[in-house]
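Colleague: Let me see the structure of the following:
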Amino acid sequence: MCFHDRSVAVIGAAGGIGSALCRSLAVEGARLTLIGRDRQRLETLAAETGGVAVVCDAAVMEDLDSVLAAVEDLYGIVNCAGSLLLKPAHATTPAGPAPMTTMSITSRSSTFRTWSTRAVRLDMF
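Modeller: A predicted model of the protein is given here:
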């Protein structure tokens with residue numbers, strides 16, 4: 001797939017998978033919007049990839065909606081936000097996974113809603 005001069009928003013860009021994906025997309029010539037919570041990591045990645053860093057908590061649907069709505073000529077959205085609980089199951093508490101679950105559901109809802117309102121309808125062809 002050719003990403004040359006295509007606008008791609010990456011949610012969770014500051015993490016391991018997100019940053020690796022951004023580097024690959026930059027090599028392909030994509031115009032990147034790097035979305036995440038860690039300003040320093042985003043700015044470092046933006047300097048490396050030529051992308052635009054946007055600090056946003058993917059768990060806040062209104063904020064993520066606003067960021068995605070502002071991306072011009074959006075070709076694609078990739079959601080890499082979230083992670084796994086890296087501890088044994090017996091060491092978790094009922095409240096432990098709640099913030100991650102909320103962020104995962106919220107960011108995926110915003111991603112799908114934004115994409116579904118801006119994507120080309122395949123039934124038009």
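
Colleague: Which helix or strand in this protein has the lowest average pLDDT?
Modeller: helix 98-118 (a mean of 72; mean pLDDT, DSSP states H and E).

Colleague: Against which helices or strands is it packed?
Modeller: helix 61-70, strand 74-79 (3 or more CB pairs under 8 Å, 6 or more residues apart in numbering; DSSP states H and E). The way it works is simple: take the backbone N, C-alpha and C, and place the C-beta from them, glycine included.

Colleague: Gly29 is nearest to which of the ones you listed?
Modeller: Distance to Gly29, taken as CB to CB, is lowest for strand 74-79 among the helices and strands packed on helix 98-118, at 11.6 Å.

Colleague: what's the closest one in contact with?
Modeller: Residues from elsewhere that reach strand 74-79 (CB atoms under 8 Å, 6 or more residues apart in numbering): 3, 6-12, 18, 21, 30, 58, 68, 107-108, 111, 114-115, 118.

Colleague: ok and that strand relative to helix 61-70, angle-wise?
Modeller: 150 degrees (axes from the mean of the first three to the mean of the last three CA atoms, to 10 degrees).

Colleague: Identify each buried residue in strand 74-79, please.
Modeller: With burial defined by 16 or more other CB atoms under 10 Å, the residues of strand 74-79 counted as buried are 74, 77-79.

Colleague: how far is it from where the chain is centred?
Modeller: 8 Å (CA atoms, centre = their mean, to the nearest Å).

Colleague: what inclination does it have with respect to helix 98-118?
Modeller: Using the same axes, to 10 degrees: strand 74-79 against helix 98-118 is 160 degrees.

Colleague: how about strand 74-79 as CSV, C-alpha atoms only?
Modeller: Presented in CSV, the C-alpha positions along strand 74-79 are these (Å, rounded to 0.1, in the frame of the first residue of the first chain):
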residue,chain,number,x,y,z
LEU,A,74,-7.4,12.0,6.5
TYR,A,75,-6.5,8.8,4.7
GLY,A,76,-6.3,6.5,7.7
ILE,A,77,-6.5,6.1,11.4
VAL,A,78,-4.5,3.6,13.4
ASN,A,79,-5.4,3.0,17.0
